[in-house]
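Novice: give me coordinates for this.
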Amino acid sequence: MEEKIVKRLILFFSVCLAVMTFFCAAPTKAFAQTQTDNVEILIVIDTQYIKDTYGRAGTVDNPKGVNHHSQYMIADYNHVVEGQGTADLVIKAGPRDTVKFTATSTTANSDDAVIVYGIEHWDKSDCYGHGPSIPIMNPPTSNIIYMEKAVMPSPGGDGLPPTQKEASFASLDSQLNGRKGAECYKAKIAIFSLNDDQVSQGPDAYGYYYWDPAVIVE
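Specialist: Presented below is the predicted three-dimensional model:
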């Protein structure tokens with residue numbers, strides 16, 4: 001009789017432990033599946049190289065393809081697979097992450113300014129050795145963030161202590177669609193050039209160009 005009671009108690013506590021384990025683990029698993037991250041990519045363009053090599057070329061709808069000698073793409077080390085600081089940057093991201101692209105020129109968008117305006121799927125049988133290119137990025141949207149107290153160097157001296165001024169920051173954002181795999185894409189940029197006689201009028205559109213980096217979802 002006592003042996004039966006002991007067996008029933010052991011069975012009871014085993015079931016309780018299994019139930020508690022399920023309900024404690026389930027939220028953690030769900031959280032891991034829905035947790036998202038922003039993958040920030042800074043693109044620095046040597047506009048003088050593009051101007052000297054290709055001149056005024058391309059349109060918004062039909063940009064000019066360029067070689068990989070003038071683009072420097074940077075992301076944080078957690079998301080870099082290969083190609084940090086080159087035009088062939090390959091990043092990794094989660095299925096629901098958002099990739100945020102920001103572009104500037106070697107003159108910090110002063111004499112020449114750069115806007116990244118398009119991310120387009122490129123169908124390739126081999127995407128940088130990571131299999132065929134499949135669509136994993138949703139159509140991007142332009143995003144503007146305003147900061148009331150952005151940090152700026154103080155004029156004169158070494159720039160410190162800094163001043164705080166209102167500023168805006170632009171990015172082109174694409175949320176990943178949940179698929180896993182690799183995607184090669186066309187990164188499209190517009191270059192605006194400021195000549196000496198245009199200081200009062202602002203820069204004009206110089207040309208539209210693209211090249212092909214990649215993103216991987218694991």
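Novice: so for stretch 63-77, mean pLDDT?
Specialist: The pLDDT scores in stretch 63-77 average 98.
Novice: export that stretch as CSV, just CAs?
Specialist: Taking Å, rounded to 0.1, in the frame of the first residue of the first chain, the C-alpha atoms of stretch 63-77 are listed here in CSV:
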residue,chain,number,x,y,z
PRO,A,63,21.0,53.9,-62.7
LYS,A,64,24.5,53.2,-64.0
GLY,A,65,26.3,50.1,-62.8
VAL,A,66,29.8,50.9,-61.3
ASN,A,67,32.8,48.9,-60.2
HIS,A,68,33.6,48.3,-56.6
HIS,A,69,36.5,50.8,-56.2
SER,A,70,34.5,53.8,-54.7
GLN,A,71,32.2,52.3,-52.0
TYR,A,72,33.1,51.7,-48.4
MET,A,73,30.4,49.9,-46.5
ILE,A,74,30.6,49.6,-42.7
ALA,A,75,28.4,47.7,-40.2
ASP,A,76,28.9,46.8,-36.5
TYR,A,77,31.1,43.7,-36.1
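Novice: in it, what's buried?
Specialist: Pro63, Val66, Ser70, Gln71, Met73, Ala75 (16 or more other Cβ atoms under 10 Å). Where you see a C-beta, it was placed from the backbone N, CA and C, and this is true even at glycine.
Novice: now it, how far from the chain's geometric center?
Specialist: 13 Å (Cα atoms, centre = their mean, to the nearest Å).
Novice: good, wrapping up.
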